[in-house]
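Trainee: Next comes the sequence, and after it the predicted model I'd like to discuss.
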Amino acid sequence: MSGDTVFARLARSDFRRRFRLGPKERAYLAAKGPATIRSHAEDFIAARLAPALPKNDGRQTPMRGHPVFIAQHATATCCRSCLAKWHGIPPGRPLSEAEQARIVEILMRWIEQGGLTGESQTR
């Protein structure tokens, strides 16, 4: 599924559209810069989603505290069941390097678009 298709589907979800970067997350993003945030995203995905059976799956991604965490909820990349439902990535097997890279690209696209929701995501 293409990134544009995923973002169009996410834009129709009331739950996913409610996520936005708050002032603290925006300040953190500005202070650290996109390269550091990307590195954090890569680390979070590798540690929290890539294993076949992630620890605390379904509860492993906090709802606040880091731009990547908020982006994960906004883009349905927060747990393996959301990856299956929204991105067609089946649970029960490790994520490939290509799948991890694609998830990071989705997260960074959402963050770089300002952490906004709804229609602004599909442009």
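Mentor: Great, that's in hand. Numbers count the residues shown, from 1 in each chain.
Trainee: any idea how far Ile111 is from the residue lying farthest from the centre of the chain?
Mentor: Residue farthest from the centre of the chain, counting by C-alpha atoms, centre = their mean, is Ala31 at 20.1 Å. Separation of Ala31 from Ile111 (C-beta to C-beta, to the nearest Å): 14 Å. C-beta here means a position set from N, CA and C on the backbone, and glycine is covered the same way.
Trainee: Correct me if wrong: Ile103 contacts Phe44.
Mentor: No - using C-beta atoms under 8 Å, Ile103 is not in contact with Phe44; the gap is 9.6 Å.
Trainee: where's the residue farthest from the centre of the chain, which helix or strand?
Mentor: Using DSSP states H and E, Ala31 maps to helix 23-32.
Trainee: Now that helix: buried residues?
Mentor: Of all the residues in helix 23-32, those buried under the rule 16 or more other C-beta atoms under 10 Å are Glu25, Tyr28, Leu29.
Trainee: tell me which of these is nearest to Asp14?
Mentor: Glu25 (21.1 Å; C-beta to C-beta).
Trainee: Please list all residues in contact with the closest residue to the closest one other than its chain neighbours.
Mentor: The shortest distance from Glu25 to any non-neighbouring residue, by C-beta to C-beta, 6 or more residues apart in numbering, is to Pro67 (4.5 Å). By C-beta atoms under 8 Å, 6 or more residues apart in numbering, the residues touching Pro67 are Leu21, Glu25, Arg26, Tyr28, Leu29, Ile37, Ile111, Gly115.
Trainee: again, 6 Å this time
Mentor: With contacts taken as C-beta atoms under 6 Å, 6 or more residues apart in numbering, Pro67 has the following neighbours: Leu21, Glu25, Leu29, Ile37, Ile111.
Trainee: Relative to Phe19, how far out is the residue positioned nearest the centre of the chain?
Mentor: By C-alpha atoms, centre = their mean, the chain has its centre lying nearest to Gln72, at 2.6 Å. As judged by C-beta to C-beta, Gln72 and Phe19 stand 9 Å apart.
Trainee: and what of Thr77?
Mentor: Computed with C-beta to C-beta, the distance linking Thr77 and Phe19 is 12 Å.
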